[in-house]
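Colleague: structure of the sequence below:
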Amino acid sequence: MTQGTRLASLVLAAGASRRFGSDKLSAMLDGEPLVFHAIRAARAAPVSRVLVVAGPCLDCGTWEGDPPVEAVRIASGALSESLEAGISALNEATGVFVFLGDMPRVPHGEAARLAKAIGSGSAALPRHGGLPGHPVLLSPRLFPEILALTGDQGAGRLLRGRNDVVFVESVDPAIHVDIDRPDDLSKLEGAEPPSSRT
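Modeller: Predicted coordinates for the structure are as follows:
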């Protein structure tokens with residue numbers, strides 16, 4: 001990214017938590033709701049704005065200081081509608097980092113590395129062990145295609161097979177760690193927080 005860029009973070013937190021069996025993003029991890037960890041990672045990115053797309057009842061907390069954290073409420077849990085709501089609200093950004101509310105251990109340094117690497121690419125993703133992870137940095141030229149997605153489709157479908165996606169090798173497998181079921185959460189309790197990793 002060049003001088004004058006206006007990057008933003010988008011946290012997707014409106015899912016239905018069907019496999020978890022209850023409100024997953026409000027479940028406690030290390031003394032605070034799961035979604036708070038994702039918001040903290042999004043806020044650690046080199047951005048001027050953080051937007052959380054959340055369901056009607058999710059507590060996104062109050063975050064003082066910079067960058068400001070805002071919430072957009074939607075009734076649908078469809079991934080495409082969460083992305084649409086977020087990208088529509090952030091359409092003036094020159095790049096948007098996408099974080100998932102159920103990925104609490106994303107290393108805080110990954111976003112800055114993606115911003116340095118993306119260049120003229122349509123997107124940049126960290127990769128560990130040959131598999132891409134999160135966060136994902138999207139360039140504005142993908143925004144129209146994202147707004148055309150339907151159902152439970154995410155940006156991954158748009159990125160597969162493109163030759164202008166930049167991959168940044170990561171040493172940290174936490175770029176893949178998400179929470180689907182209660183036992184996933186219990187395995188993470190007390191693990192090393194991402195802010196202490198590079």
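
Colleague: only C-alpha atoms from now on, for both contacts and neighbour counts.
Modeller: Noted.

Colleague: quick check: chain neighbours aside, which residue is closest to residue 87?
Modeller: Leaving aside its sequence neighbours, residue 87 sits nearest to residue 143 (Cα to Cα, 6 or more residues apart in numbering; 6.8 Å).

Colleague: report pLDDT for the one you found.
Modeller: pLDDT recorded at residue 143 is 95.

Colleague: below-threshold pLDDT in this protein: ranges please.
Modeller: The model of the chain has pLDDT under 70 over residues 1-5, 16-19, 21-22, 190-198.

Colleague: just the strands in it please.
Modeller: Applying DSSP state E to the chain gives strands spanning 7-13, 28-29, 32-33, 49-54, 69-73, 95-100, 123-128, 131-132, 136-138, 165-169.

Colleague: direction included, what does the first one pair against?
Modeller: In this case it means strand 7-13. Strand pairing for strand 7-13, using DSSP bridges, gives strand 49-54 (parallel), strand 95-100 (parallel).

Colleague: as JSON lines, these with distance to residue 138 and mean neighbour count would be great.
Modeller: What follows is the strands paired with strand 7-13, written out as JSON lines (distance: least, Cα to Cα, whole Å; neighbours: other Cα atoms under 10 Å):
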{"stretch": "strand 49-54", "distance to residue 138": "15", "mean neighbour count": "25"}
{"stretch": "strand 95-100", "distance to residue 138": "5", "mean neighbour count": "25"}
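
Colleague: of those, which is nearest residue 7?
Modeller: strand 95-100 (4.9 Å; Cα to Cα).

Colleague: next one: that closest one to chain centre, how far?
Modeller: In terms of Cα atoms, centre = their mean, to the nearest Å, the centre of strand 95-100 is found 5 Å from the chain centre.

Colleague: same check on stretch 143-158?
Modeller: Computed by Cα atoms, centre = their mean, the separation of stretch 143-158 from the middle of its chain amounts to 15 Å.

Colleague: just stretch 113-122 next, same as before
Modeller: Stretch 113-122 has its C-alpha centroid displaced from the chain centroid by 16 Å (Cα atoms, centre = their mean).

Colleague: CA atoms only for that stretch, dumped as CSV, please.
Modeller: Output in CSV follows, covering the C-alpha atoms of stretch 113-122 (Å, rounded to 0.1, in the frame of the first residue of the first chain):
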residue,chain,number,x,y,z
ARG,A,113,2.7,-7.6,6.8
LEU,A,114,-0.2,-8.0,4.4
ALA,A,115,-0.4,-4.2,3.9
LYS,A,116,3.3,-4.1,3.0
ALA,A,117,3.0,-7.1,0.6
ILE,A,118,-0.2,-6.5,-1.4
GLY,A,119,1.2,-4.1,-3.9
SER,A,120,-1.1,-4.2,-7.0
GLY,A,121,-2.7,-7.4,-5.9
SER,A,122,-6.4,-7.8,-5.5
